[in-house]
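>>> with the sequence up front, the predicted model follows.
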Amino acid sequence: MALLPILCFPDPKLHKVAQPVQTVDARVKTLIVDMLATMYDAKGIGLAATQVDVHERLIVIDVSEERDQPLVLINPEIVWTSAETHLNEEGCLSVPGIYDGVQRFNAITVRALDGEGNSRTVEAEDLLAVCIQHEMDHLLGKVFVEYLSPLKRDRIRKKMLKAQREDSR
Ligand code: NI
């Protein structure tokens, strides 16, 4: 098990589009273990492979209070969305300390492979639905701040760059 470094906005590598996972082999299973450990260590509720600089369609999630219900989605595809959307306050391990509202579907149905490579369908609502939508955006190279106004996004970019400069001193 290894903790993986998490890319921080505005790192351009966060905008790479992930490719499908070809086979759920030992390499992918190790990646899953490491991504879950990294997510729990960072106290996040979701992590996309993109965020650890692996550009393959794989996300891990755990929205449970007890942090004991890991969900692994490989090559996820949204097959249904609710008509209703709502504004949800979001944060991201790649944009530490920033929280803002994003419009998301209330409920979705996702088809994906699980950590063993078996096909499964997940019906998600509320926080889980929001989290899956947020993580799937990462696989498309999209960070949640890109939904905000250009002015806000630019302010966040400057703030992140300043924090990163101070960290590297
Ligand atoms: Ni995120």
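Great, that's in hand. Numbers count the residues shown, from 1 in each chain.
>>> strands of the protein, start to end?
Taking DSSP state E as the test, the strands found in the chain are 46-48, 58-61, 71-81, 85-90, 100-105, 107-113, 119-125.
>>> okay, now the sheet partners of the longest one, with direction.
For strand 71-81, the pairing partners within the sheet under DSSP bridges are strand 58-61 (antiparallel), strand 107-113 (antiparallel).
>>> before we move on, what about the fourth one?
Its sheet considered, strand 85-90 pairs with strand 100-105 (antiparallel) by DSSP bridges.
>>> just the shortest one next, same as before
Partner strands and pairing direction for strand 46-48 (DSSP bridges) are strand 58-61 (antiparallel).
>>> the residue positioned nearest the centre of the chain and residue 39, how far apart?
Per CA atoms, centre = their mean, the C-alpha nearest to the average position across the chain is that of residue 135, at 2.8 Å. Distance from residue 135 to residue 39, counting by CB to CB, to the nearest Å: 10 Å. C-betas here are computed from N, CA, C, even on glycine.
>>> shared neighbours, the two?
Shared contacts of residue 135 and residue 39 (CB atoms under 8 Å, 6 or more residues apart in numbering): 46-47.
>>> with adjacent residues omitted, what lies nearest to residue 47?
Excluding its sequence neighbours, the residue lying closest to residue 47 (CB to CB, 6 or more residues apart in numbering) is residue 39, at 4.1 Å.
>>> how many neighbours does that neighbour have?
26 (other CB atoms under 10 Å).
>>> shouldn't it be in contact with residue 46?
Yes. In this structure residue 39 lies within contact range of residue 46 using CB atoms under 8 Å: 6.9 Å.
>>> now do the shared contacts for those two.
Common neighbours of residue 39 and residue 46 are listed as 60, 62 (criterion: CB under 8 Å, 6+ apart).
>>> need the longest helix for this structure.
helix 150-167 (DSSP state H).
>>> list the contacts for residue 99?
By CB under 8 Å, 6+ apart, residue 99 lies in contact with 89-91.
>>> nearest to residue 124, of those?
Of all these, residue 90 has the smallest distance to residue 124: 15.4 Å, by CB to CB.
>>> pLDDT at that closest one, what is it?
Residue 90 carries a pLDDT score of 97 in this model.
>>> okay but it is in contact with residue 130, surely?
Yes. Residue 90 is within contact range of residue 130, at 7.1 Å (criterion: CB under 8 Å).
>>> neighbour-wise, which of these two wins?
Taking other CB under 10 Å, residue 90 and residue 130 do not tie; residue 130 has more neighbours (24 against 19).
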